[in-house]
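Engineer: Take this sequence and fold it.
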Amino acid sequence: DGRSYQRRVISRGFGTGDTHQTINSFTWGPAGELMMSQGLHAVSRIETPWGNETLHQAGVWRFWPRSLRLDAFWDGAMGAHNPFGTAFDRAGQPFVFAGNGHGIAHLTQAMIRTEHFEAHPPLWNQGRKFGGADIADNGHWLPEHRGEFVAGGYLHNSVERFRMTPKGASFQVDRLPPLVESTNTAFRVVDVRFGPDGALYLCDWFNPLIGHYQTSFRHPDRDRTRGRIWRVTANGRASLKAPAPLEQAALPALFDALLSPERWNRQLAARVLKDRPPEAVVAGVRAWVAAAPSGEGRLERLNEALGILAAHEVPAPAFLTALSRSPDPDHRARAARVTGHWAGRLKDPLELLGRLAADAQPRVRLEAVVACAYVPDARAVEVASLAMDGPEEAPIAYAFTQCVHALKPLWKGPYAQGALTFGGSQRRKEAFPRAARSADTVDEAATRLRRVEEVAL
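Structural biologist: Residues are numbered from 1 along each chain as shown. Now for the predicted structure:
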């Protein structure tokens, strides 16, 4: 009936140092992970079955519901100071939109568990402040806008549009003409979401005063009671019909919905499958893949199946191997990413990651480096260094640096004993100490101090 009758506290200890920087922007990822952000003046310390997890200042959390694993990224405000929106594109690449004027970031290279401070530069930054993010990907919206990112521009009284185009290991961001611009300074869109009808829904704070430094909290013009929801549709185009009630749908219908052209249907089907009892879902998704004809259709099913199996914490080495050999680089990137998630439960994850770290496509190499950071083996830094053989790419270099620091407890002894040879490659041998440089010098402290100075200003 749409009402909740049970409530259970899963985690507590998230920072409340500033009321507009508490955890926010909850977004489900392609493998069943829950992403959320926190702002600059929050400090969180969470007790989990895997140990205590901390996030000092701004950053992004990733929560795995079935294992209760919590990962912290951007510790110490390495990235945006107020991340206020995360959206995954069709290939599963995460983009974070910042609410403090730090623009848009491609998060993949920073998704490594380490407290080593390495400032993560944004993809695009022209001082605009965003609230929320979603992607236009449905049959109601105009076809020429498919794939565009939409975000609330609460400071400039607008709704912004962007297009992300793959470029090397990351993306090029093009700002498009705003979808909405208003001269009404109370128009403050703090979140945007596409609905099942294909319409775009805008969460409008509707407040003329939003600054927390510029104007007293007790100023009478602060509106504490009203807010608005706007519904934006494509003129002259019929709304989409409501999807079938997927919550009660049989498994075959849910699996087929994973390939729907409608983003809402794909996401809802994935959520339902990830919440169903695992035994039936795992058996069903294997049968669904096996029933597909060979070729592109089977690879698409494999791609979606990996996300469902990852959400249920059920490793599938044969699926990983098959997808890692796909001609589609997005498939190979997905295989690398899921290998990192299953790293501790696979017989030899480094064999597969070694091939992907040397892939011709830079984004695949980037995902392989990030995945290596989760392999509990000293040799993982050697495998990650294979990605440095290709043309120089800043995102890959960033990820390699963080990977080296994340794995230091594993490689420190073998490296001192000369057991790591990096395949005899001089280029890799030189890349490794460069990446490890700031662990024992003042570089890291100086970078942290510069960021503290930015915060103070």
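
Engineer: When you work out contacts or count neighbours from here on, use the C-alpha atoms and nothing else.
Structural biologist: OK.

Engineer: Quick check: the gap between the most centrally placed residue in the chain and Asp134.
Structural biologist: Closest residue to the average C-alpha location of the chain: Pro94 at 3.4 Å, with CA atoms, centre = their mean. To Asp134, Pro94 is 11 Å away according to CA to CA, to the nearest Å.

Engineer: swap in Ser170?
Structural biologist: 19 Å.

Engineer: One more: Ala358?
Structural biologist: Ala358 sits 33 Å away from Asp134, going by CA to CA.

Engineer: who's more crowded, the two?
Structural biologist: Taking other CA atoms under 10 Å, Ala358 and Asp134 do not tie; Asp134 has more neighbours (24 against 21).

Engineer: which residues touch the more buried one?
Structural biologist: For Asp134, the contact set (CA atoms under 8 Å, 6 or more residues apart in numbering) comprises Thr86, Ala87, Phe149, Val150, Ala151, Val192, Arg193, Phe194.

Engineer: Local confidence estimate at the fifth one?
Structural biologist: Looking at Ala151, its pLDDT stands at 98.

Engineer: Tell me the secondary structure at Ala287.
Structural biologist: What DSSP: H, G, I helix; E, B strand; the rest coil gives for Ala287 is helix.

Engineer: Can you name the secondary structure element that comes next after the helix or strand Gly132 falls within?
Structural biologist: Per DSSP states H and E: Gly132 is located in strand 131-135. Under the assignment DSSP H and E, the closest C-terminal helix or strand after strand 131-135 is strand 149-153.

Engineer: Determine the set of other helices and strands touching that next one.
Structural biologist: Secondary-structure packing of strand 149-153 (3 or more CA pairs under 8 Å, 6 or more residues apart in numbering; DSSP states H and E): strand 131-135, strand 158-167, strand 189-194.

Engineer: Report the inter-axis angle for it versus strand 158-167.
Structural biologist: Relative orientation of strand 149-153 and strand 158-167, computed by axes from the mean of the first three to the mean of the last three CA atoms, to 10 degrees: 140 degrees.

Engineer: how about the CA coordinates for strand 149-153, as CSV?
Structural biologist: Extracted C-alpha coordinates of strand 149-153, given in CSV (Å, rounded to 0.1, in the frame of the first residue of the first chain):
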residue,chain,number,x,y,z
PHE,A,149,22.7,15.0,-18.0
VAL,A,150,20.3,17.3,-16.2
ALA,A,151,21.1,19.1,-12.9
GLY,A,152,19.5,21.7,-10.7
GLY,A,153,21.3,25.1,-10.8
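
Engineer: Partner strands of it, with direction?
Structural biologist: strand 131-135 (antiparallel), strand 158-167 (antiparallel) (DSSP bridges).

Engineer: Of all the ones you listed, which one is nearest Leu254?
Structural biologist: Evaluated with CA to CA, the strands paired with strand 149-153 place strand 131-135 nearest to Leu254, the distance being 21.7 Å.

Engineer: any idea of the angle the closest one forms with strand 189-194?
Structural biologist: Using the same axes, to 10 degrees: strand 131-135 against strand 189-194 is 20 degrees.

Engineer: mind listing what's buried in strand 131-135?
Structural biologist: Within strand 131-135, the residues that qualify as buried are Gly131, Gly132, Ala133, Asp134, Ile135, counting by 16 or more other CA atoms under 10 Å.

Engineer: Repeat that for stretch 68-83.
Structural biologist: Applying 16+ other CA under 10 Å to stretch 68-83 flags 70-83 as buried.

Engineer: so can I have TSV of those residues showing pLDDT and distance to Val404?
Structural biologist: Putting the buried residues of stretch 68-83 into TSV (pLDDT from 0 to 100; distance: CA to CA, whole Å) gives the following:
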residue	pLDDT	distance to Val404
Leu70	97	21
Asp71	97	18
Ala72	97	17
Phe73	98	15
Trp74	96	16
Asp75	94	16
Gly76	91	18
Ala77	92	20
Met78	95	17
Gly79	95	19
Ala80	94	23
His81	93	25
Asn82	93	27
Pro83	95	26
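
Engineer: Could you single out the nearest of these to Met111?
Structural biologist: Phe73 (5.8 Å).

Engineer: my read: that closest one touches Ala58, true?
Structural biologist: No. Counting by CA atoms under 8 Å, Phe73 does not reach Ala58; the two are 9.1 Å apart.

Engineer: Just give the closest residue to Arg237, not the sequence neighbours.
Structural biologist: Among residues not flanking Arg237 along the chain, His140 sits closest, at 6.5 Å (CA to CA, 6 or more residues apart in numbering).

Engineer: Just the pLDDT at that neighbour, thanks.
Structural biologist: pLDDT recorded at His140 is 97.

Engineer: Identify the residues contacting it.
Structural biologist: Asp197, Gly198, Ala199, Thr233, Ala234, Arg237, Ala238, Ser239, Leu240.

Engineer: ok, and the most crowded of these?
Structural biologist: Counting neighbours by other CA under 10 Å, the top entry in those is Gly198, with 25 neighbours.

Engineer: any idea how far the closest residue to that one other than its chain neighbours lies from Val150?
Structural biologist: Using CA to CA, 6+ apart and skipping residues adjacent in sequence, the residue nearest Gly198 is His140, 5.1 Å away. Taking CA to CA as the measure, His140 falls 15 Å from Val150.

Engineer: same check, this time on Ser216
Structural biologist: 31 Å.

Engineer: out of those two, which sits in the more crowded spot?
Structural biologist: Applying other CA under 10 Å to Ser216 and Val150 shows that Val150 carries more neighbours, namely 27 against 12.

Engineer: Can you tell me which helices and strands the helix or strand hosting His405 packs against?
Structural biologist: Following DSSP H and E, one finds His405 within helix 394-406. Using 3+ CA pairs under 8 Å, 6+ apart, the elements in contact with helix 394-406 are helix 362-372, helix 380-385, helix 426-436.

Engineer: Of all the ones you listed, which one is nearest Asp275?
Structural biologist: Once the helices and strands packed on helix 394-406 are compared by CA to CA, helix 362-372 is nearest, at 25.5 Å.
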